[in-house]
Every structure is written in structure tokens, then in C-alpha cells.
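Peer 1: Below is the structure, and that's it, no one-letter string:
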């Protein structure tokens, strides 16, 4: 594989791998054929070239006679390192000045600054893991909940990749037989068992479609759910936001129209991140500022993934509620959860009007009554086709992967149609090649420089 690697891998790269800014420790990472020699040139301590990998060494970094810092050097020899190259990690004191001086010193000795994601790109190019696993590294770094961490870690360890490779491996065998038939086209022979191919394609297609369905949930896990709290003035929207966040984030007042701008904050419910948006009460108003707030509310409702429509049970009838939700003119696909507030002061008739409705949750936002039921109802609206968000099934979280699966599914359908209608071998083989190509692009078995550049430039510099 080394003969096919880019010339840039002959460079030794360096970057800061900890967040910029003052801190206790900063970590400067080098990778490449000269990583050890470059560090030896500026390190006063044991000669690193003589030391085994996976060892730590204390010493000082020197620019000529000037001591820059006392450091600890971690030594990793390829191929037993993250990039599969020689890697040196220098732990310095976390001063911006020290870090810049260390980087400048190493650059003067022949290193070059790493590009975004270049350490992980080198690991991929050296075969440490495939492209889907490499992308999971970025997801793991960005994980901000237990569930997003769990899904990213599972994918980084190859769960999704193994499933795809099994799928692709089964299809490759039949594709090879179809290609063989093309080579013997004049003899009119069939090497591929059509019945077996149909059965296999149906199984593969079922799995591809399950993976595609999981993307809706995976997107939620990775990016969170934008949830707009809408309703009339004084329905209790700001009170509900404060109760969900368990803090006084929004001003609460009996005066209608208090909330005139959007107030946003996030909360994690059983590992899924919800971004709640408190909005201005929906009503006709002559107040110019409040009218701007109402217009912003209507715009944000159109962009939401989920709308919590909060209404006052003591002043709203079921017919009025239905009309108000209809008036939101929500785009297709936006889920709505009706939430009746003031459970604590509602009469028996008012409670009876909204009780036992599967699309409605009743709460008392000021006391916190019904919040657990509300949270479970929110979670229920981001579950997909019975997939439990805590289950062990593979979940697709990456838009690029989902698009490739869509392409694969489309071509698998074309093959199945061709088989049922007696389509020619050449067309069957072409569609099967397209399906294999789409699956191969997910793991990087089929890739190009533009694709790799697009993916790895989304990483931080030191990763």
C-alpha cells in the first residue's frame, strides 16, 4: 500500500493537539519519518532514537542555549501508533507563548504544520481504520451526550463498517458472476443463479433500508432536536422552558407579550439533546416590537423538527386547539405535541375534555407536575420504527453515509426490477456495480482526493 501513498506522507507534520488558550498542559504532536530525529535535535534528555516505543521521557526543550520549557515527551514508534508512523507528543506548560515558540522551533528544524485532520487522514491512508471509522473519530470528539458518545464509539470500533463489508462481500460474488456472463455473451450462458440473486438482493435491500430509517434517529442523536415551544400569550411557555432547564432562564410575567425575542437553551433527556426555543405568544398585535417577535416565532416554527404547542386548558376548547395548530401551517414532517398547561387549576370538565388523548400531555408547568410524562412524550417522537435509542442496532449518523445508502438502495431496486422483467445481463451488472460503488464509498474502499479532502478538513488541526 505504501507505494500508492501520497508524496506528502514523506513530510513530518506538527500541530497543537489540545485546545488553544492558557491551561495547565499543552500537547504538541509530531508524526512522520523525521518525528523522532526532529525532536532529538531540540530535546535535552535521553536520546530518543535509542529508546523503545510507548515510553515517556523528561527533559527540556532548547533553542540553542535558550531553554524554552521543561517537558515530558511521549514516544510511539510506527506502526504501533495512531497514524502508523513514528509519533512524538510533547507535553509542555499550557502557555500560548510557549506553544508558539515550540511550534516555530520545530518548523525551523524541518517539520511543517499539519492540515486539518491530517493525523487521522494518515491513519486512514496507512490502513489503521476505514473511512467510516475515521469520521467516527470526529463524531467522538464532538459528542456532547452519553448517547452520541456511545454511538460514535461503536462506529469508531468498526461495528457499522463490519456490517457494510459483509453486505458488500455478498454482492461482490454475484457481481463477478454477472461480469463473467458478459465475457461469454456470445455463448448465452448464465453463471449466476437468478433465484439466489433475488433472495440475496432482497435481504441486502432490507438491511440497507433499515440503516436508512435509522438515519432519522442518528441525525437526532448527533445534532439534537430543535424544539420550538409555541402558543398563545400567557400559556406558560417561559415557565415551561424554565422547568425543563431547571433554572430561571426566561422572564415569567402575568403581562401578555413579555417574551418578544427567541430564548434558546439545551437539555439532554436520556441521552438525546433537545434544543428548546421559547417564543413570543402567537396573537395579532399593534405593538411593533411584539409583532416582530410574533413573526420570528412563525419563522422558527417552520424550521423546527418538533413543535410543543402549549395551551391553557382553562381557556381553550379542543376545537380551538385544533384550529390553532392548523393555523401554524407546519411543513410536512414536522411533529407536533400538544401540551395542556395549568393542570393544577383546571376544572373536572376541562380535564375531561383533554384527558386520554394520545396526542396531548397535561402538565402544571409552575409546579413541575407532568414533566416526566412530557419528557417521555418528547422521546417517543424521535424514535424511529420501533428502534429504541438505547438499543445495540447500528445507527447511521452521517449524512454522507445516508446519501450513499440511498444511491445503493436505488440501484438494488433497479437490479430487482431487471431480474423480474428479464432485463439484460449488461444492465444488471451496471446497476450492481453502482450499488457496490456506493457502499464502498462509505468505508473508503472506493474514494478520491476530493472526497477525502472534504471529509478531513472538517476535523480540528491537531487530530
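Peer 2: Happy to help now that I have it. Being a predicted model, the structure only gives us computed values, none of them experimental.

Peer 1: other SSEs contacting the longest helix belonging to the chain?
Peer 2: Longest helix in the chain by number of residues (criterion: DSSP state H): helix 194-223. Helices and strands touching helix 194-223, as assessed by 3 or more C-beta pairs under 8 Å, 6 or more residues apart in numbering; DSSP states H and E, comprise helix 146-156, helix 159-183, helix 399-420. Heads up, the C-betas are built off the backbone N, CA and C, glycines and all.

Peer 1: neighbouring contacts of the longest one?
Peer 2: The reference is to helix 159-183. 129-130, 132-133, 136, 154-155, 189-192, 196-197, 200, 204, 207-208, 211, 394, 396, 401, 425-426, 428-429, 432-433, 435-436, 439-440, 442-443, 445 (C-beta atoms under 8 Å, 6 or more residues apart in numbering).

Peer 1: Now with 7 Å, please.
Peer 2: Contact partners of helix 159-183, identified using C-beta atoms under 7 Å, 6 or more residues apart in numbering, comprise 130, 132-133, 189-192, 197, 200, 204, 207, 394, 425-426, 428-429, 432-433, 435-436, 439-440, 442-443.

Peer 1: who are the neighbours in contact with the nearest residue to residue 350 once chain neighbours are set aside?
Peer 2: Distances taken as C-beta to C-beta, 6 or more residues apart in numbering put residue 313 closest to residue 350, at 5.0 Å, once the chain neighbours are dropped. Listed by C-beta under 7 Å, 6+ apart, the contact partners of residue 313 are 340, 341, 342, 346, 350, 354.

Peer 1: try residue 76
Peer 2: Contact criterion C-beta under 7 Å, 6+ apart gives 53, 54, 87 as the residues in contact with residue 76.

Peer 1: ok, the last one to residue 369 distance?
Peer 2: As defined by C-beta to C-beta, to the nearest Å, residue 87 lies at a distance of 56 Å from residue 369.

Peer 1: And these two? Which one has more around it.
Peer 2: The neighbour count for residue 87 versus residue 369, taken as other C-beta atoms under 10 Å, is higher for residue 87 (23 against 17).

Peer 1: between the contacts of residue 76, which is closest to residue 75?
Peer 2: Taking C-beta to C-beta as the measure, residue 75 sits nearest to residue 53 out of the contacts of residue 76, at 5.9 Å.

Peer 1: The closest residue to that closest one other than its chain neighbours: neighbouring residues, count only.
Peer 2: Excluding its sequence neighbours, the residue lying closest to residue 53 (C-beta to C-beta, 6+ apart) is residue 77, at 3.4 Å. Residue 77 is surrounded by 17 other residues when neighbours are defined as other C-beta under 10 Å.

Peer 1: Over to residue 342?
Peer 2: Residue 342 is surrounded by 22 other residues when neighbours are defined as other C-beta under 10 Å.

Peer 1: Just the pLDDT at the residue most central in space within the chain, thanks.
Peer 2: With distances taken as C-alpha atoms, centre = their mean, the residue of the chain nearest its centroid is residue 222 (3.7 Å). pLDDT recorded at residue 222 is 81.

Peer 1: coming back round to it: so can I have TSV of the helices and strands packed on helix 194-223 showing mean neighbour count and distance to residue 266?
Peer 2: Converted to TSV, the helices and strands packed on helix 194-223 look like this (neighbours: other C-beta atoms under 10 Å; distance: least, C-beta to C-beta, whole Å):
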stretch	mean neighbour count	distance to residue 266
helix 146-156	19	12
helix 159-183	17	26
helix 399-420	18	21
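
Peer 1: circling back: the residue nearest to residue 53 touches residue 51, doesn't it?
Peer 2: No. Distance between residue 77 and residue 51: 9.0 Å, which falls outside the contact criterion (C-beta atoms under 7 Å).

Peer 1: one step back: right, and the helices and strands packed on helix 194-223 - which one's nearest residue 320?
Peer 2: helix 146-156 (37.6 Å).

Peer 1: Now do the closest one: everything it contacts.
Peer 2: 132-133, 136-137, 139-140, 143, 218, 221-222, 271-272, 389, 395, 397.

Peer 1: switch the cut-off to 10 Å
Peer 2: Among residues not part of helix 146-156, those counted as contacts by C-beta atoms under 10 Å, 6 or more residues apart in numbering are 129, 132-143, 145, 159-161, 217-218, 220-224, 268, 270-273, 389-390, 392, 394-398, 401.

Peer 1: Just give me how far it sits from the chain centre.
Peer 2: A distance of 10 Å separates the centroid of the chain from that of helix 146-156, by C-alpha atoms, centre = their mean, to the nearest Å.

Peer 1: mean confidence score for that helix?
Peer 2: This predicted structure assigns helix 146-156 an average pLDDT of 82.

Peer 1: related to what we said a few turns ago, of the contacts of helix 146-156, keep whichever come out buried.
Peer 2: 129, 132-139, 143, 145, 159-161, 217-218, 220-222, 224, 271-273, 389, 394-398, 401 (16 or more other C-beta atoms under 10 Å).

Peer 1: tell me the strands in this structure, going along the chain?
Peer 2: 13-16, 23-31, 43-44, 55-63, 66-76, 87-94, 112-113, 225-231, 263-269, 272-278, 306-312, 335-341, 360-362 (DSSP state E).

Peer 1: would you turn these into JSON lines with mean pLDDT?
Peer 2: As requested, those are arranged in JSON lines below (pLDDT from 0 to 100):
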{"stretch": "strand 13-16", "mean pLDDT": "96"}
{"stretch": "strand 23-31", "mean pLDDT": "95"}
{"stretch": "strand 43-44", "mean pLDDT": "96"}
{"stretch": "strand 55-63", "mean pLDDT": "96"}
{"stretch": "strand 66-76", "mean pLDDT": "96"}
{"stretch": "strand 87-94", "mean pLDDT": "97"}
{"stretch": "strand 112-113", "mean pLDDT": "94"}
{"stretch": "strand 225-231", "mean pLDDT": "86"}
{"stretch": "strand 263-269", "mean pLDDT": "81"}
{"stretch": "strand 272-278", "mean pLDDT": "84"}
{"stretch": "strand 306-312", "mean pLDDT": "90"}
{"stretch": "strand 335-341", "mean pLDDT": "90"}
{"stretch": "strand 360-362", "mean pLDDT": "91"}
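
Peer 1: Between these, which one is closest to residue 380.
Peer 2: Counting by C-beta to C-beta, residue 380 lies closest to strand 335-341 out of these; the figure is 8.9 Å.

Peer 1: Which strands border that closest one, and is each parallel or antiparallel?
Peer 2: Strand 335-341 has these partner strands in its sheet, going by DSSP bridges: strand 306-312 (parallel), strand 360-362 (parallel).
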